[in-house]
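Novice: Need coordinates for the below:
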Amino acid sequence: MSAQGRLARDRARQRGHDGGAGQQRVLHKAGETPGEQPRFTWRQRARYRFDATMSRGSGALVGWLALVTVVLIVVFSLITLIGGLSPRNEAGAEPGFIRQLFNTLLHSLDPGTVAGDTGSWKFLVTMLVLTLAGLFIVSALIGVIATGLDNKLLELRKGRSVVVERDHTVILGWSDAVFTILSELSIANESKKRPAVVLLASHDKVEMEDQIREKLPDLRGTRVICRTGTAIDLNDLRIVNPTQARSIIVLSPDDDPEPDAQVIKTILALTRGPFRSADTHIVAEIRDPENLEAARLVADDQTVLVDKRDTVARLIVQTSRQSGASVVYLELFDFDGDEIYFHEDAVLIGQTFADAQLAYERCSAIGLQLPDGTVRLNPAPGTPIEAGARVIAVAADDAVLQAGDPRVGVVDAAAVRNADRVPEEPAAVLLVGWNERSPLVLRELNEYVTAGSTAHVLAPAPGEGVPVPDDADLPNLTVTTQAAGTTDRAILEALDVARFDHIIAMCPSDDMDPQRADARTLVTLLHLRDLLGDEVDGETGPSIVSEMLDDRNRELAQVTQVDDVIVSDQVLSLILAQISENPALGDVFADLLDADGSEIYLRPVSDYVEVGLPVSFATVVAAASLRSEAALGLRIVAEKADDDGGVKVNPPKSLTFTPAPGDRVVVLAED
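Specialist: Now for the predicted structure:
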């Protein structure tokens, strides 16, 4: 080893020796030796226990103040009695120990007591000192109580207390759909006793309550209970008491980059967690159809999944092809007015579905639920009704269906017509705007139009981000695209929009916020309305259907005289609310919106009855049954200016009207 190496080694040894000695000096200075356990003084132990007690909150503070008050009263009472300082009464006797304790307590709590004291100056000084000490204690007590109340209010504001409710509806998540769902549930709960809806979201409890109170001032007696938390946390989920809930609605959050992932995890927590109950059914919305399979893996038999994107696309297509169809769908989807019910009637056992269609005066039968639970909309008229089967009917209320009023309207067989249907010609469709739902709209259009139909897509960047379907996926539809602004007047004029049969205005929701997107759509609609002039009525010119994101913009869109306006969030909210009350409606709505099942059609009244002669609605129902269709309403062209566009869903069978050219029959049919 070199001389430098030996020198470094010696220095290291010296530092280690000095460091050890320094450590020993520190230990000895603390009164300890190496390896010996630390010794705590009684002062340190008392301080530690005091700190631990104080950390327990306001209750511990009040306890310490009470103890100090007791000690203070006892000490000053003893000083007064032993020193003979207390003034004597009229009999010349000094107060006893209990009486002195009471007097001392009054002096410590009430500063005004010392003003009425008499006696020696020593007694007065003693009582003054006691009063000053009491002032500090009372002041501290007031501060502790005020702080405790503030903490309790803050805790209540956080919305963390467990909900003690039964047979309530739970909504998990927060979006604009909350307000429509709450409004619909309030209508459905009008006949129930003390109904409650519990809402769990990651928002502030008070802010949620304020928004609900502002937008829904009248909830018809339904109590809305808000709690703050996340549905994927089992501890937070326990707060809303899901085990005793009647139904659970899982919303897709607006502020999450992957909303479907949150919905799937929430379903997993509900179905695989400790809160599952066989009496509680779940309905959840999925935004991306590609996530449906993953959601089905964690869902159980009591869970209904609603594909938001696909549902809205199907509704847009069906309403775009026939003016007034959206009024019918919304009437069936919401609780205000007529909706769909299931009813088992022993009187109908052994009869046919055609008999059920004419059995009730104020109910329109549209299908059957078989004893095994299978839903069949618009079955063959001769389908027998077995024991255990339930009639699916449109009625104003469940009580109306239960009453089963017999039909009053008379069927006029002489007025019945069974005209042959005119084959549809290839359609020309203009799709203005592009978003994630547009490819589904094109695919759904392909299911309805005849071969040789065309669709022209006008959008700033059609297919960018969300590709246009290939021609192989659209055998009945030829799609052309044009990259241009939808609000450019010159572009719309060059298209000659009057040559199209149907125009669909899609909201550019992928690129901008809802209000800006709706504003862009409104401008496009104004241009279309002006270019079409008098041909925008849907009879002599193209029908126009617009998609909106905010229901508040619906009335503005009506100024453009479009045929129908579809508010996507509103439609999904109505469906979720309906299924939460009756999960069997999930199959009904899926069949209604499926191109392979039975859908809503508005067909010429001349195909069913003679035009110009008064007939009853019962006659129309009988005529539709002969065509294997279920009639559930009318559209009177003379009343088109009304708020409902002249559409009458589920009129009484005795309703008599004179059919006119342009009138329509609302039927449920397969094609």
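
Novice: separation between residue 375 and residue 346?
Specialist: 21 Å (Cβ to Cβ, to the nearest Å). Every C-beta, even on glycine, is put in place using the N, C-alpha and C of the backbone.

Novice: So for those two, which sits in the more crowded spot?
Specialist: residue 375 (20 against 7; other Cβ atoms under 10 Å).

Novice: Now that one: phi and psi?
Specialist: Main-chain torsions, residue 375, degrees, to the nearest 10: phi -100, psi 130.

Novice: Okay, and residue 602 sits in which element?
Specialist: strand 599-604 (DSSP states H and E).

Novice: quick one: average confidence on that strand?
Specialist: Taken as a whole, strand 599-604 has a mean pLDDT of 92.

Novice: for the stretch 251-400 of the chain, what spans make up the strands?
Specialist: For the stretch 251-400 of the chain, applying DSSP state E, counting those that start in this stretch gives strands covering 281-286, 303-307, 339-343, 364-369, 375-377, 390-395.

Novice: and residue 133, which of these is closest to it?
Specialist: With Cβ to Cβ as the measure, strand 281-286 is the member of these nearest residue 133 (62.3 Å).

Novice: Which strands border that closest one, and is each parallel or antiparallel?
Specialist: strand 247-250 (parallel), strand 303-307 (parallel) (DSSP bridges).

Novice: Would you mind finding the most buried of those strands?
Specialist: Mean neighbour count (mean count of other Cβ atoms under 10 Å) peaks for strand 247-250 among the strands paired with strand 281-286, with a mean of 27.

Novice: And the contacts of it?
Specialist: Contact with strand 247-250 is made by 169-173, 181, 231, 242, 263, 266-267, 270, 280-285, 576-577, 580-581, 583, as judged by Cβ atoms under 8 Å, 6 or more residues apart in numbering.

Novice: circling back: select, out of the strands of the stretch 251-400 of the chain, the one closest to residue 483.
Specialist: When the strands of the stretch 251-400 of the chain are compared (using Cβ to Cβ), the closest one is strand 303-307, at 29.1 Å.

Novice: Please save the CA atoms from that closest one in PDB.
Specialist: Extracted in PDB, the C-alpha atoms of strand 303-307 (Å, rounded to 0.1, in the frame of the first residue of the first chain):
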ATOM      1  CA  THR A 303     -79.100  -4.900 -15.400                       C
ATOM      2  CA  VAL A 304     -80.300  -3.200 -18.600                       C
ATOM      3  CA  LEU A 305     -77.700  -1.500 -20.800                       C
ATOM      4  CA  VAL A 306     -78.700   1.400 -23.000                       C
ATOM      5  CA  ASP A 307     -76.500   2.300 -26.000                       C
END
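
Novice: where's the residue lying closest to residue 647 once chain neighbours are set aside relative to residue 565, distance?
Specialist: Nearest non-adjacent residue to residue 647, counting by Cβ to Cβ, 6 or more residues apart in numbering: residue 327, 4.3 Å away. As defined by Cβ to Cβ, residue 327 lies at a distance of 11 Å from residue 565.

Novice: where's residue 613, which helix or strand?
Specialist: Counting by DSSP H and E, residue 613 is part of no helix or strand.

Novice: residues in contact with it?
Specialist: Here residue 613 is in contact with 415, 658, 659 (Cβ under 8 Å, 6+ apart).

Novice: ok, now with 6 Å
Specialist: Taking Cβ atoms under 6 Å, 6 or more residues apart in numbering, we find residue 613 in contact with residue 415.

Novice: returning to what we had before: of all the strands paired with strand 281-286, which lies closest to residue 501?
Specialist: strand 303-307 (27.5 Å).

Novice: Run through who's touching stretch 356-365.
Specialist: Under the criterion Cβ under 6 Å, 6+ apart, residues 348, 391, 393-395, 400-401, 405, 407-408, 621, 625, 632, 650, 652-653 lie in contact with stretch 356-365.

Novice: what about stretch 358-370, distance to the chain center?
Specialist: Put simply, stretch 358-370 sits 31 Å off its chain's centre (Cα atoms, centre = their mean, to the nearest Å).

Novice: Quick one: end-to-end length of that stretch, please.
Specialist: 19 Å (Cα to Cα, to the nearest Å).

Novice: Report the buried residues of it.
Specialist: Residues of stretch 358-370 classed as buried: 358, 359, 360, 361, 362, 363, 364, 365, 366, 367, 368, 369 (neighbour count, 16 or more other Cβ atoms under 10 Å).

Novice: So which elements touch the one helix or strand residue 107 maps to?
Specialist: Take DSSP H and E as the rule and residue 107 turns out to sit in helix 97-109. The contact analysis (3 or more Cβ pairs under 6 Å, 6 or more residues apart in numbering; DSSP states H and E) places helix 97-109 against helix 58-82, helix 121-158.

Novice: List the buried residues of stretch 421-437.
Specialist: Buried, per 16+ other Cβ under 10 Å, within stretch 421-437: 427, 428, 429, 430, 431, 432, 433, 434, 435, 437.

Novice: Mind putting the strands paired with strand 281-286 into a markdown table with distance to residue 520 and mean pLDDT?
Specialist: What follows is the strands paired with strand 281-286, written out as a markdown table (distance: least, Cβ to Cβ, whole Å; pLDDT from 0 to 100):
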| stretch | distance to residue 520 | mean pLDDT |
| --- | --- | --- |
| strand 247-250 | 31 | 96 |
| strand 303-307 | 26 | 94 |
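
Novice: Turn the ones you listed into a markdown table, columns for distance to residue 423.
Specialist: Formatted as a markdown table, those follow (distance: least, Cβ to Cβ, whole Å):
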| stretch | distance to residue 423 |
| --- | --- |
| strand 247-250 | 43 |
| strand 303-307 | 32 |
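
Novice: Next, give me the two most distant ones among the buried residues of stretch 358-370.
Specialist: Greatest spacing in the buried residues of stretch 358-370, by Cβ to Cβ: 361 and 369 (21.9 Å).

Novice: which SSE is the residue nearest to the spatial centre of the chain in?
Specialist: With distances taken as Cα atoms, centre = their mean, the residue of the chain nearest its centroid is residue 178 (3.5 Å). According to DSSP H and E, residue 178 maps onto helix 177-188.

Novice: ok, now residue 653?
Specialist: Counting by DSSP H and E, residue 653 is found in no helix or strand.

Novice: how deep is residue 215 tucked in, by neighbour count?
Specialist: By other Cβ under 10 Å, the residues close to residue 215 number 13.

Novice: Could you do residue 344 as well?
Specialist: Neighbour number of residue 344 under other Cβ under 10 Å is 14.

Novice: Looks like it contacts residue 391 (just checking).
Specialist: No. Applying Cβ atoms under 6 Å, one finds residue 344 not in contact with residue 391, separated by 7.5 Å.

Novice: Could I get the pLDDT score of residue 25?
Specialist: Note on residue 25: pLDDT of 43.

Novice: before we move on, what about residue 273?
Specialist: 81.

Novice: Test my guess that residue 621 contacts residue 631.
Specialist: Yes. Using Cβ under 6 Å, residue 621 is in contact with residue 631, at 4.6 Å.

Novice: just the strands in the stretch 551-671 of the chain please.
Specialist: Going by DSSP E, counting those that start in this stretch, the stretch 551-671 of the chain shows strands at 564-567, 599-604, 615-616, 630-635, 647-649, 656-657, 664-669.
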